[in-house]
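Engineer: Task: produce atomic coordinates for the following.
(one chain, ligands or ions: 1)
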Amino acid sequence: MSIISERTQAPSLAVESFAGTLDVLSRILPARLLKPRVAIVCGSGLSTLASSLRDVVEVPYSSLQGFGKSTVEGHRSALAFGLTGEGDGIPVVAMLGRFHPYEGHSLSTVVYPIRVLARLGVRDIIITNAAGSLNPNLDVGTIVSIQDHLALPNLTGFHPLLGPTRPNYPRFLPLSTAYSRPLRRLVFLAAHALRLPRDALAEGTYAWVSGPSYETPAEGRFLSAAGADVVGMSTVPEVLAAREEGINVCVLSLVTNKVVIPEYKSVREEVQAELAGKAIERAPEAEVSHEEVLSVGKQKAEVMKSLVAKLIELIAAEQEK
Ligand SMILES: O=P(O)(O)O[C@H]1O[C@H](CO)[C@@H](O)[C@H]1O
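Structural biologist: Next comes the predicted model:
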């Protein structure tokens, strides 16, 4: 089996199921919710980002052809359609849970919901995730507005856009402006409007790794030396599909942990000191866990939620200009 068919499934299969998915949605949703103006993808532990929407209609992924099931704790499996903002409200759709390749989903399944959102008319997307910090200046709890990515899987052949050319899709997608500068500007204006402290929001580069293991110290050092500020196991495939569909992309990473990059202390010297009867100082060995990731998501849910809500208001105002 070729790399392409093994890794991506036939893209045409997914394309054929759009009609069924859109038909289900058009039967379930009231007209005012059927054309969302902005989409949110909720990262690990961040499904509450959609909890401030009103008049919500939740559509389980299980009722939508082509959607998988999210199996990761902290991810639900439903689309939430609702309104935000004052007056008539701004129609928004939130993905309560995403698919990661490490769960066993093909890359075409991972990005399928993004392609559905495009067909619902979404023009701007806010993709969120939980991420580990590789940059000593980015503390746990910081929100990072992503300006670029480093995707080793893409560079080595695990890429969501592999496959035959399709009509109306670019063969060679440019990515130098993938992370919309106008949207990143609105992120900082939203933070200003909310009077968030300066260090609550930073800018940085996201490294995509396949997971599901967290990074070894050497991998952490490698990604950091290569220019990445945060690392995670999602988002980049969604960004690529969104850009291919012509959607403007904004990514917000919540730093949930520091990637463990200790200074190596020689075990030989430690043993020699021990044998010589000298006192030895052992640094505690740290490990990251998904529980820690979820717990920071929970603690920071409110600030993320208000930032996303304000950002949607600003995006909607721009769309009307
Ligand atoms: O990127 P999201 O889905 O927020 O989740 C992040 O958290 C999980 C690891 O704790 C990984 O799936 C990683 O990508």
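
Engineer: near the ligand, which residues of this protein?
Structural biologist: 43-44, 72, 98, 100, 129-130, 211, 232-235, 290, 293 (Cβ under 6 Å from any ligand atom). C-beta: built from backbone N, CA, C; applies to glycine.

Engineer: what's the closest non-adjacent residue to the closest residue to the ligand within the chain?
Structural biologist: Taking Cβ to the nearest ligand atom, the ligand has its nearest neighbour within the chain at residue 43, 2.8 Å off. Spatial nearest neighbour of residue 43, excluding adjacent residues (Cβ to Cβ, 6 or more residues apart in numbering): residue 129 at 3.7 Å.

Engineer: Wait, a strand at residue 128?
Structural biologist: Yes - counting by DSSP: H, G, I helix; E, B strand; the rest coil, one finds residue 128 located in a strand.

Engineer: residues in contact with it?
Structural biologist: Applying Cβ atoms under 8 Å, 6 or more residues apart in numbering, we find residue 128 in contact with 40-43, 46, 49, 251-254, 304, 308.

Engineer: Spatially nearest residue to it, not counting backbone neighbours?
Structural biologist: residue 43 (4.3 Å).

Engineer: need the strands for the stretch 1-150 of the chain, in chain order.
Structural biologist: 38-41, 54-60, 78-84, 90-96, 124-133, 143-151 (DSSP state E, counting those that start in this stretch).

Engineer: among those strands, which is nearest residue 278?
Structural biologist: Residue 278 lies closest to strand 124-133 among those, at 34.8 Å (Cβ to Cβ).

Engineer: Report the buried residues of stretch 238-249.
Structural biologist: Neighbour counts over stretch 238-249 (16 or more other Cβ atoms under 10 Å) mark 238-245, 247-249 as buried.

Engineer: Equivalent analysis for stretch 162-173, please.
Structural biologist: Here stretch 162-173 shows 162-163 as buried, counting by 16+ other Cβ under 10 Å.

Engineer: distance between the ends of that stretch?
Structural biologist: For stretch 162-173, the first-to-last residue distance is 11 Å (Cα to Cα, to the nearest Å).

Engineer: Over to stretch 244-251?
Structural biologist: Stretch 244-251: ends 16 Å apart by Cα to Cα.

Engineer: so how far is stretch 261-271 from its chain's centroid?
Structural biologist: The chain centroid and the centroid of stretch 261-271 are separated by 36 Å under Cα atoms, centre = their mean, to the nearest Å.

Engineer: Now do the end-to-end distance for that stretch.
Structural biologist: 22 Å.

Engineer: Sort out for me which of the buried residues of stretch 238-249 are in helices.
Structural biologist: 238-244 (DSSP state H).

Engineer: Out of the residues you listed, the closest to residue 87 would be?
Structural biologist: The shortest approach to residue 87 among those belongs to residue 242, at 27.9 Å (Cβ to Cβ).

Engineer: Mind picking the lowest-pLDDT entry from the residues of the chain next to the ligand?
Structural biologist: Ranked by pLDDT, the residues of the chain next to the ligand bottom out at residue 72 (88).

Engineer: and residue 64, how many neighbours?
Structural biologist: 22 (other Cβ atoms under 10 Å).

Engineer: again, but for residue 20
Structural biologist: Neighbours of residue 20 (other Cβ under 10 Å): 12.

Engineer: Might one say that it is in contact with residue 67?
Structural biologist: No - using Cβ atoms under 8 Å, residue 20 makes no contact with residue 67, being 10.8 Å away.

Engineer: Need the nearest residue in space to residue 133, chain neighbours excluded.
Structural biologist: residue 255 (4.6 Å).

Engineer: Provide the partner residues of that neighbour in its beta bridges.
Structural biologist: residue 131 (DSSP bridges).

Engineer: what about it, how many neighbours?
Structural biologist: 25.

Engineer: you'd agree it is up against residue 138?
Structural biologist: Yes - Residue 255 is within contact range of residue 138, at 5.3 Å (criterion: Cβ under 8 Å).

Engineer: Now for residue 171: which residues touch it?
Structural biologist: residue 165.
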